[in-house]
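*Asks:* Next comes the sequence, and after it the predicted model I'd like to discuss.
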Amino acid sequence: MWRWVGPHWERRRRGESHPVLDFLFEYYRFRPSQLLRWEPPRPGPLPVTRERAARWILELLERTAQRPPQFGCFGLHEWAMLYRATARRHPNWPLRLSWAEIDRVVEEVGLACTHFDAYRFFTPSAAVRNRWCLTRAQQETFEQPGCVHATMDLYKWAYTFWPWTGSDLVADAFELAVAAREVDMRASPYDLRGLGYEPIPVETEAGRVLYAQHQRELWQRAQPVRARLIARYRELLGASANRPDAVGAPGRAVSAPV
């Protein structure tokens with residue numbers, strides 16, 4: 001983990017930003033120091049106050065794993081955030097295409113995002129062009145395992161219940177998130193060659209084929225990580241169900257969570 005955390009701390013010391021890697025330390029709320037701290041999976045049940053969240057995450061992971069992967073979005077998330085806009089999220093980095101060309105690609109290729117936490121950053125003009133109108137309440141309905149952002153989020157589901165999940169699982173999910181984020185930004189309209197990221201030109205047919213290949217590779221790499229998370233959450237919730245103070249335990253009347 002030091003190869004990621006060390007440079008991040010050094011950039012912060014110099015007051016520098018990184019359009020690709022900062023996302024993993026700022027959007028995801030797991031402290032870099034925690035990434036460097038190894039903890040084995042914690043045995044025993046979860047706190048009662050956290051069981052509902054764990055059940056929601058487990059159901060999301062299970063339903064996502066059961067769906068066939070889709071590879072037709074072509075990584076247009078960052079494009080949709082720039083569609084008919086006048087400002088960009090990474091103002092220190094140039095665009096590979098003009099604003100008019102970005103708009104044209106969005107309109108000609110179309111938007112097929114299934115991940116709410118990507119969709120919610122679309123410009124209003126782009127959001128209405130997406131194949132689906134996504135909401136938080138429908139996340140379990142649309143989330144699918146081919147999505148690069150769903151792959152990145154495995155890191156979130158790993159650290160949300162750390163140290164119960166254990167540092168090895170968190171580390172593997174983080175490394176996977178790094179790979180997914182790199183593909184995500186290589187397919188963006190930003191020119192990041194100065195940082196060593198060769199563009200995936202999804203504005204071309206060949207680029208879209210290449211992106212789908214990377215997306216498929218990430219899906220295959222994510223499958224065992226998602227399976228380990230599902231198994232771990234089932235273990236944790238199973239331990240919680242068997243403790244004396246569990247909902248429905250003999251001799252204890254407990255109302256359902258609201």
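*Replies:* Looks like it came in fine. Numbers count the residues shown, from 1 in each chain.
*Asks:* How is the nearest residue to residue 160 once chain neighbours are set aside assigned, secondary-structure-wise?
*Replies:* Nearest non-adjacent residue to residue 160, counting by Cβ to Cβ, 6 or more residues apart in numbering: residue 57, 6.7 Å away. For glycine as for every other residue, the C-beta is placed from the backbone atoms N, C-alpha and C. Put simply, residue 57 is helix when judged by DSSP: H, G, I helix; E, B strand; the rest coil.
*Asks:* And residue 57, how far from residue 142?
*Replies:* 16 Å (Cβ to Cβ, to the nearest Å).
*Asks:* about what we covered before: which ones are touching the residue nearest to residue 160?
*Replies:* 157, 160-161, 233 (Cβ atoms under 8 Å, 6 or more residues apart in numbering).
*Asks:* which one of those sits closest to residue 66?
*Replies:* Top of the list for closeness to residue 66, among the contacts of residue 57 and by Cβ to Cβ, is residue 233 at 15.0 Å.
*Asks:* Does that closest one touch residue 65 like I think?
*Replies:* No: using Cβ atoms under 8 Å, residue 233 is not in contact with residue 65, being 11.8 Å away.
*Asks:* can you pull the contacts of residue 222?
*Replies:* Contact partners of residue 222, counting by Cβ under 8 Å, 6+ apart, are 145, 151, 154, 176.
*Asks:* roughly how far apart are residue 21 and residue 5?
*Replies:* Residue 21 sits 10 Å away from residue 5 when distances are taken as Cβ to Cβ.
*Asks:* One more: residue 12?
*Replies:* Relative to residue 5, and taking Cβ to Cβ, residue 12 is found at 11 Å.
*Asks:* Please identify which of those two sits among more neighbours.
*Replies:* residue 5 (17 against 14; other Cβ atoms under 10 Å).
*Asks:* What residue, apart from its backbone neighbours, is nearest the more buried one spatially?
*Replies:* Closest residue to residue 5 apart from its sequence neighbours, by Cβ to Cβ, 6+ apart: residue 32 at 4.4 Å.
*Asks:* Am I right that the one you found is in contact with residue 8?
*Replies:* Yes: counting by Cβ under 8 Å, residue 8 is a contact partner of residue 32 at 6.0 Å.
*Asks:* any common contacting residues for these two?
*Replies:* Common neighbours of residue 32 and residue 8 are listed as residue 25 (criterion: Cβ under 8 Å, 6+ apart).
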